[in-house]
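Colleague: Mind looking at a prediction? Sequence and model below.
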Amino acid sequence: MKSRSDCQILLLSTRPEVHRPVLRALRRIGVLARAASDPGGALRSLRARPGVVLVDLVHGPGLDPTVVSTLNRDRGGTVVLALHAGGFGRHHEDVAELSVDGFCPIGDWGPVVGATVGHPSYVSTTLH
């Protein structure tokens with residue numbers, strides 16, 4: 001398992017400000033947590049090979065076919081989680097070809113990611 005200081009998390013969302021409190025909390029425990037709100041930013045951020053990529057299906061992931069293809073092809077050991085509010089919503093077309101490892105309710109991703117990076121106070125069973 002990666003140490004917290006080595007772990008990088010990338011949030012793909014057109015509204016990263018909605019997730020700012022959780023991103024800050026993860027940064028406080030030593031996780032490099034970034035957000036990208038458009039395809040260009042996503043491609044640049046994916047070059048760093050984050051350990052976890054979160055795809056916001058509620059507010060929109062800010063993806064295009066090139067980003068989806070790049071993530072599917074080059075993911076290696078990256079864990080890809082889709083954040084949802086009970087379904088794919090209106091952003092289904094954006095992610096129809098995206099390969100994901102799991103789905104997580106949008107309000108519960110902080111604990112799930114914290115558990116992924118090995119922080120004991122973030123243990124949760126909300127990943128399904």
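Modeller: Yep, that arrived.
Colleague: contacts and neighbour counts: CA atoms only from here.
Modeller: OK.
Colleague: Dihedrals phi and psi, S45?
Modeller: Main-chain dihedrals, S45, degrees, to the nearest 10: phi -70, psi -30.
Colleague: quick one: low-confidence ranges for the chain?
Modeller: 1-6, 87-92, 94, 109-128 (pLDDT under 70).
Colleague: where along it do the helices fall?
Modeller: All helices of the chain, identified by DSSP state H, fall at 20-28, 39-46, 65-74, 92-95, 109-116.
Colleague: if you compare these, which one is most tucked away?
Modeller: Burial of the helices of the chain is given as mean neighbour count (mean count of other C-alpha atoms under 10 Å); helix 109-116 ranks first at a mean of 21.
Colleague: so how far is A35 from the residue nearest to the spatial centre of the chain?
Modeller: What sits nearest the mean C-alpha location of the chain, by C-alpha atoms, centre = their mean, is L54, with 1.2 Å. The gap separating L54 from A35 is 9 Å, by C-alpha to C-alpha, to the nearest Å.
Colleague: Likewise for Q8?
Modeller: Separation of Q8 from A35 (C-alpha to C-alpha) stands at 11 Å.
Colleague: what's the overlap in contacts for those two?
Modeller: When contacts are counted by C-alpha atoms under 8 Å, 6 or more residues apart in numbering, Q8 and A35 have no shared neighbour.
Colleague: I'd like to know how many residues surround the residue nearest to G62 when sequence neighbours are not counted.
Modeller: Among residues not flanking G62 along the chain, D38 sits closest, at 4.6 Å (C-alpha to C-alpha, 6 or more residues apart in numbering). Neighbour count of D38, defined by other C-alpha atoms under 10 Å: 18.
Colleague: before we move on, what about H19?
Modeller: Using other C-alpha under 10 Å, H19 has 17 neighbouring residues.
Colleague: any idea how far it lies from T66?
Modeller: 24 Å.
Colleague: Equivalent analysis for L26, please.
Modeller: Separation of L26 from T66 (C-alpha to C-alpha) stands at 28 Å.
Colleague: L57 too?
Modeller: Using C-alpha to C-alpha, L57 is found at 18 Å from T66.
Colleague: Could you do D56 as well?
Modeller: Counting by C-alpha to C-alpha, the gap from D56 to T66 is 17 Å.
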